[in-house]
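K.L.:
prediction below, plus the sequence it came from.
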Amino acid sequence: MSEEKNIDTSVEICGVKFRNPIITASGTFGFGKEYAEFYDINKLGGICTKGVTKERREGNPSPRIAETPMGMLNSVGLQNPGVDGFIREDVPFLEKLDCVVIANVAGRTEEDYCYAVEKISACKCVKMVELNISCPNVKAGGMAFGVLPESVEKITRAVKKHCAKPLMVKLSPNVANIADNARAAENGGADCLSLINTVGGMAINWRTRKPVLANVCGGLSGPAIKPIALKMVYETHKAVKIPIVGMGGITTADDIMEFMVAGAAAVQIGSANIFDPCAGINLVNELTNLMKRCNINNVRELTGTLSV
Ligand SMILES: Cc1cc2nc3c(=O)[nH]c(=O)nc-3n(C[C@H](O)[C@H](O)[C@H](O)COP(=O)(O)O)c2cc1C
């Protein structure tokens, strides 16, 4: 609930209550600690952690970030402390938070995913698990699970049995038909969906004849991908009954409204945190102001109201 009278920004997804629909996206907010030095992150609806895998990973070699027109490319890979490191180093901090904590999980094999999800979803501070089957930046980052609808359904079904909290499956935009993959996740038992992950891309320095990223290719994010993301949220909303968390290039409160009208129950903010560490809190304030200006008392009323 917003602190402003008569303005209700709260949303509920799979029984989990969020103070507002603004969640920071995986990989752009670490585990929250660094951003807590900039503002009170409890004012956010929630935070989503960097992708955690069974074992600790170093990620890809540098350079692994490149600026592009209206966006950025990254090939960070799944640099993370591993499940045990996460529980030892990050859970104590996350336990003290008063916003929703969503743990993003990735893996190399079905067994790895199930192992990590079982351990992570057992943590009291974790209120939801986001399954990353769509990381384009590592050979074994889960992308192999996220392309074909049959594999999306299979991994979702397997993981769901080990997940003690609501399971959010994060979809890749690098697929033939997003609606098919969304339905596959729903059939596999996903409680909700999030989309989109980054769009495959690359940057080249023609003078050196070299790719800019050491990994050669990477994932595009930021405002450049917003129209793609909106279309996919819209198509997914038509295809499934479960709630959707939308993301891709959000930088303003108007962007949030657009995603909600397209069908999202909440949104995630990714690259904007990298351009401006205070993007999350600024958007929380902007959203309340925009609702006031537009006489919207309840943000939930917007979801799926697009008239075509
Ligand atoms: C540097 C960076 C690291 C990311 N790492 C992850 C990750 O570990 N797991 C994941 O599911 N998504 C990851 N993503 C994807 C974002 O969570 C988000 O889906 C994508 O960036 C689109 O949103 P945006 O345009 O607001 O950034 C990462 C994105 C960036 C820019």
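P.N.:
Ah, there it is. Residues are numbered from 1 along each chain as shown.

K.L.:
element containing Lys127?
P.N.:
Here Lys127 sits within strand 126-132, counting by DSSP states H and E.

K.L.:
any part of that strand near the ligand?
P.N.:
Yes. Strand 126-132 reaches the ligand (C-beta under 6 Å from any ligand atom) through Asn132. Where C-beta positions appear, they are placed from N, C-alpha and C, glycine not excepted.

K.L.:
is the helix or strand following that strand in proximity to the ligand?
P.N.:
Sequence order places helix 143-146 as the next helix or strand after strand 126-132, per DSSP H and E. No. Applying C-beta under 6 Å from any ligand atom, one finds helix 143-146 separated from the ligand by no less than 10.1 Å.

K.L.:
which helices and strands does helix 143-146 pack with?
P.N.:
Counting contacts by 3 or more C-beta pairs under 8 Å, 6 or more residues apart in numbering; DSSP states H and E, helix 143-146 is packed against helix 149-160.

K.L.:
who touches the helix it packs on?
P.N.:
110, 113-114, 117, 131, 133, 144-146, 167, 169, 171, 180-181, 183-185, 187-190 (C-beta atoms under 8 Å, 6 or more residues apart in numbering).

K.L.:
what's the angle from it to strand 126-132?
P.N.:
150 degrees (axes from the mean of the first three to the mean of the last three C-alpha atoms, to 10 degrees).

K.L.:
how far is the helix or strand following helix 149-160 from where the chain is centred?
P.N.:
Note on helix 149-160: by DSSP H and E, the next helix or strand toward the C-terminus is strand 167-170. In this view, strand 167-170 has its centroid 9 Å away from the chain centroid, taken as C-alpha atoms, centre = their mean, to the nearest Å.

K.L.:
what comes into contact with strand 167-170?
P.N.:
14, 26, 102, 104, 117, 128-134, 152, 156, 159-160, 185, 188-195, 197, 245.

K.L.:
quickly run through the sheet partners of it, with directions.
P.N.:
Strand 167-170 has the following strand partners under DSSP bridges: strand 126-132 (parallel), strand 192-195 (parallel).
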